[in-house]
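Enquirer: here is my input, please return the structure:
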Amino acid sequence: MKSFQNIFDGKKVLITGHTGFKGSWLSMWLFNLGAKITGISLDIPTQPSNFEASELGTILDDHRVDIRDSKRIDRILEDSNPDFVFHLAAQSIVRYSYENPLETISINALGTATLLDGLRKLKKNIVAVIITSDKAYDNVEWVWGYRETDSLGGKDPYSASKGMAELAIRAYFESYFKSPDSNVRIGIARAGNVIGGGDWAENRIVPDCMKAWSCGDEVSIRNPNSTRPWQHVLEPIGGYLVLGAKLALQPEVHGQSFNFGPPAEQNYSVDDLISEMGKYWDNARWKKDSIESRPLHEAGLLKLNCDKALFDLNWKPTMDFGDTVRMTVEWYREFYEGNRISMRKFTIAQINEYTQLAQSKNMSWTIL
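Expert: Residues are numbered from 1 along each chain as shown. Take a look at the predicted model:
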């Protein structure tokens, strides 16, 4: 039997969006597995950032490039000569998409097409995992989980941009990569919002709490009764790695899409999340607004059915709600209250803890 963790040792891996929240964790995990990493991002999206806190710029080939710049993307692809590509570069903030819809659609749809067009020109064998979003589904507000065969769509600019990206992926696959003899193998990964250490995006409950509590401030909670399928960032990233390894070894996965989401029962309210976080932070304080805010017309709660990932990839969620929250808060406590000699070491320690937890639950991620 071969584990996915052996597949990436010594391999050349290109990650787009490597300075972002998910991208920085993926970069660290692949570095820990022995991969040689090239990163493409336009900039560092937040201050602080996991990318800077973990000093990732010292362990990879760092390129600051607009994902829509086809000439430079083509050149980096040719020069880096990757064995694997993970595409995470995106405009990922829903609220920002309402204010800048054309930019969001351009980055998420045209940016994905630009990368695919660059892959089309390569001659070597390469595996590409393209990450979109659970919001690519046409959300009709039903209560059961969406399957990979359900309709795609999008009623808001961000969701629409991800649906457009999916159309671009399908067009390039059918036109250029569909043959079993194709030198490029494509997999599509769909996951929802995640939490974990190193996220400092605006208007997100975990970063808001961590920033406030680190200063001894109280957090104001606008929508305490809203529920979300909370998932640690390591869960879908583990799925991306499994999918990449599977594509390299088993061609029948080529061109398929997979959902990576939390257990169906892991739906908790914002109030539940903050109460759980408060267990791990001394003197944590928060208050509930008397009037809940009215957000923009964002897609409602989406549940994902992940049976296909279980049966075809041997992947399933590992962490329960308690572990998810504990590991998230422990990362921020180390950043704000620890010695901070090396957040990279702490991040790798959490990756190793997650891996051991998965193995203890008979999740060995066996590929062959």
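
Enquirer: where does pLDDT dip in this protein?
Expert: Within the chain, the segments meeting pLDDT under 70 span 1-4, 140-141, 143, 290-301, 339-341, 362-368.

Enquirer: please enumerate the strands of it.
Expert: For the chain, the strands defined by DSSP state E cover 12-16, 36-41, 61-64, 84-87, 126-131, 184-191, 218-221, 227-228, 257-260, 268-269, 285-288.

Enquirer: now the first one, how far from the chain's geometric center?
Expert: Going back to what we said before, that points to strand 12-16. On the basis of C-alpha atoms, centre = their mean, to the nearest Å, strand 12-16 sits 14 Å off its chain's mean C-alpha point.

Enquirer: now it against strand 126-131, angle please.
Expert: Between strand 12-16 and strand 126-131, the angle comes out at 30 degrees (axes from the mean of the first three to the mean of the last three C-alpha atoms, to 10 degrees).

Enquirer: which residues touch strand 12-16?
Expert: With contact meaning C-beta atoms under 8 Å, 6 or more residues apart in numbering, strand 12-16 is reached by 23, 26-27, 30, 35-41, 67, 76-77, 80-89, 115. For the C-beta atoms, the positions are set from N, CA and C on the backbone; glycine is no exception.

Enquirer: among these, which ones are buried?
Expert: Neighbour counting by 16 or more other C-beta atoms under 10 Å classes 23, 26-27, 30, 35-41, 67, 76-77, 80, 82-89, 115 among the contacts of strand 12-16 as buried.

Enquirer: what are the buried residues along stretch 215-229?
Expert: For stretch 215-229, a neighbour-count test (16+ other C-beta under 10 Å) marks 219, 221, 222, 223, 224, 226, 228, 229 as buried.

Enquirer: could you do stretch 89-103 as well?
Expert: 89, 90, 91, 92, 93, 94, 96, 97.

Enquirer: next: stretch 255-273.
Expert: Within stretch 255-273, the residues scored as buried using 16+ other C-beta under 10 Å are 255-262, 266, 268, 270-273.

Enquirer: how far out from the middle of the chain is it?
Expert: With C-alpha atoms, centre = their mean as the basis, stretch 255-273 stands 13 Å off its chain's centre.

Enquirer: got it, and stretch 112-130?
Expert: When distances are taken as C-alpha atoms, centre = their mean, stretch 112-130 is centred 19 Å away from the chain's centroid.

Enquirer: contacts for it?
Expert: The contact list for stretch 112-130 (C-beta under 8 Å, 6+ apart) reads 16, 67-70, 73-74, 77-78, 81-87, 89, 132, 165, 168-169, 172, 176-177, 183-189, 240, 243-244, 247-248.

Enquirer: got a quick ChimeraX command for the buried subset of those?
Expert: Selection of buried members from those for ChimeraX, criterion 16+ other C-beta under 10 Å:
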select :16,67,68,73,74,77,82,83,84,85,86,87,89,132,165,168,169,172,176,177,184,185,186,187,188,189,240,243,244,247,248
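
Enquirer: ok, the residue nearest to residue 28 when sequence neighbours are not counted - contacts?
Expert: Nearest non-adjacent residue to residue 28, counting by C-beta to C-beta, 6 or more residues apart in numbering: residue 347, 5.2 Å away. With contacts defined as C-beta under 8 Å, 6+ apart, the neighbours of residue 347 are 25, 28, 50, 54, 197, 198, 331.

Enquirer: now do residue 173
Expert: If you count contacts by C-beta under 8 Å, 6+ apart, residue 173 has them with 186, 255.

Enquirer: go on, residue 72?
Expert: Taking C-beta under 8 Å, 6+ apart, one finds 63, 65, 66 in contact with residue 72.

Enquirer: phi first, then psi, for residue 255.
Expert: The phi/psi pair for residue 255 (degrees, to the nearest 10) reads phi 80, psi 0.

Enquirer: for it, which non-adjacent residue is closest in space?
Expert: Closest residue in space to residue 255, ignoring its immediate chain neighbours: residue 173 at 5.1 Å, by C-beta to C-beta, 6+ apart.

Enquirer: that neighbour and residue 345: what is the separation?
Expert: With distances taken as C-beta to C-beta, to the nearest Å, residue 173 is found 40 Å from residue 345.

Enquirer: surely residue 52 and residue 46 touch.
Expert: No. At 9.4 Å, residue 52 does not count as touching residue 46 under the criterion of C-beta atoms under 8 Å.

Enquirer: and residue 344, how far from residue 198?
Expert: Counting by C-beta to C-beta, the gap from residue 344 to residue 198 is 11 Å.

Enquirer: between those two, who's got more neighbours?
Expert: Neighbour totals were compared for residue 344 and residue 198, and residue 198 leads with 26 against 18 (other C-beta atoms under 10 Å).

Enquirer: ok, back up a step: most neighbours among the contacts of residue 347, which one?
Expert: Result: residue 50 is most packed of the contacts of residue 347 (other C-beta under 10 Å), 29 neighbours.

Enquirer: count of neighbours near the closest residue in space to residue 303 that isn't next to it in sequence?
Expert: Leaving aside its chain neighbours, residue 303 sits nearest to residue 145 (4.2 Å; criterion: C-beta to C-beta, 6+ apart). Other residues within reach of residue 145, judged by other C-beta under 10 Å, total 17.

Enquirer: residue 145 and residue 261 touch, don't they?
Expert: Yes. Taking contacts as C-beta under 8 Å, residue 145 lies within contact range of residue 261: 7.5 Å.

Enquirer: need the overlap of contacts for the two.
Expert: Shared between the contact lists of residue 145 and residue 261 (criterion: C-beta under 8 Å, 6+ apart) are residues 303, 304, 306.
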